[in-house]
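*Asks:* Here is my input; please provide its structure:
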Amino acid sequence: MTSTVAEQPLNSYHLIAQTCLLAGKIILQNGGETYRVEDTMVRIAAAYGVSDAQSYVTPTGILFAMDASIPTTRLIRISERSVNLRKVSLVNDISRRISEGKLDVNEAHRLLVEIDEHSFAYPVWLQVLVAALASGCFLVMFGGRWHDFTAAFCSGGLGFMSVVMLHRLVPVKLFAEFVASLILGGAAILFVKSGIAMDKDLVIIASVMPLVPGLHITNAVRDLMAGHLVSGLSKGVEAFLTAFAIGAGMAAALSFY
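*Replies:* Just a heads-up that it's a prediction; the model follows:
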């Protein structure tokens, strides 16, 4: 499987570079850490005989260069990012199989293209249902009463559905999160005022939990610990802006009522 630089034709190195970049792009677009992207690309290149590959990754772009004797340098811009850890797991599995010599470059590239083209996303109604159920469970975990479970369930589901729908209509994520938080807060307050729920604070806190950028905060800390200061700081700022949008929407809802 592994060969030296002199043994492969130039076009095979283009395919190796495309495979490395595609693997990195999938991981970065779907919630993976920056250091994981760089490590995966370098490991794949090394498995195919390119021992001196270099990669530089930021949240908005990937720069990948092959061995110094190979005139192959590629750049990919990342304009859209989401959270789909199943895709990250599948790419990690392919990377391990490549390192073990079980996949040639053509087969690996084909599998990565299939992963990139497949959404691997659950239906929206199921995502909303799970978010609503998680909100209700958070209420119980925070010491709330079972009497308030329905209010947290409905408010959390409504807030998550709002952010999904608004993000489709308006590509500005912060605006979608602000409006969704405003709707969520208003629904929670109405449940309390109508007597359906008792503890307004716990209902609001539990309902907003599905919107909290926990993965972004975790990735920011892990990138900073790995020495990727630019990526760590940028992801931390993104998480802060998301939290600010959620807090601003909730403050607006409380001020209206």
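*Asks:* Which helix in this structure has the most residues?
*Replies:* Taking DSSP state H as the assignment, the helix of the chain that covers the most residues is helix 229-256.
*Asks:* which secondary structure elements does that helix contact?
*Replies:* Here helix 229-256 touches strand 54-58, helix 173-193, helix 200-208, helix 214-225, going by 3 or more CB pairs under 8 Å, 6 or more residues apart in numbering; DSSP states H and E. C-betas here are computed from N, CA, C, even on glycine.
*Asks:* And the helices in the stretch 51-200 of the chain?
*Replies:* Remark: helices assigned in the stretch 51-200 of the chain by DSSP state H, counting those that start in this stretch are 85-99, 105-117, 124-141, 149-169, 173-193, 200-208.
*Asks:* Of these, which is nearest Leu22?
*Replies:* Proximity to Leu22 (CB to CB) singles out helix 105-117 among the helices of the stretch 51-200 of the chain, at 4.6 Å.
*Asks:* How far off centre is that closest one?
*Replies:* Centroid separation between helix 105-117 and its chain, computed with CA atoms, centre = their mean, to the nearest Å, is 20 Å.
*Asks:* what's in contact with that helix?
*Replies:* Applying CB atoms under 8 Å, 6 or more residues apart in numbering, the contact partners of helix 105-117 are 12, 15-16, 18-19, 22-23, 25-26, 44, 48, 87, 90-91, 94, 97-98, 103.
*Asks:* what do you get for stretch 190-203?
*Replies:* Defining contact as CB under 8 Å, 6+ apart, one finds that stretch 190-203 is touched by 139, 142-145, 147-148, 150-152, 154-155, 188-189, 257.
*Asks:* cutoff 7 Å now
*Replies:* By CB atoms under 7 Å, 6 or more residues apart in numbering, the list of residues contacting stretch 190-203 from outside reads 139, 142, 144-145, 147-148, 150-152, 155, 188-189.
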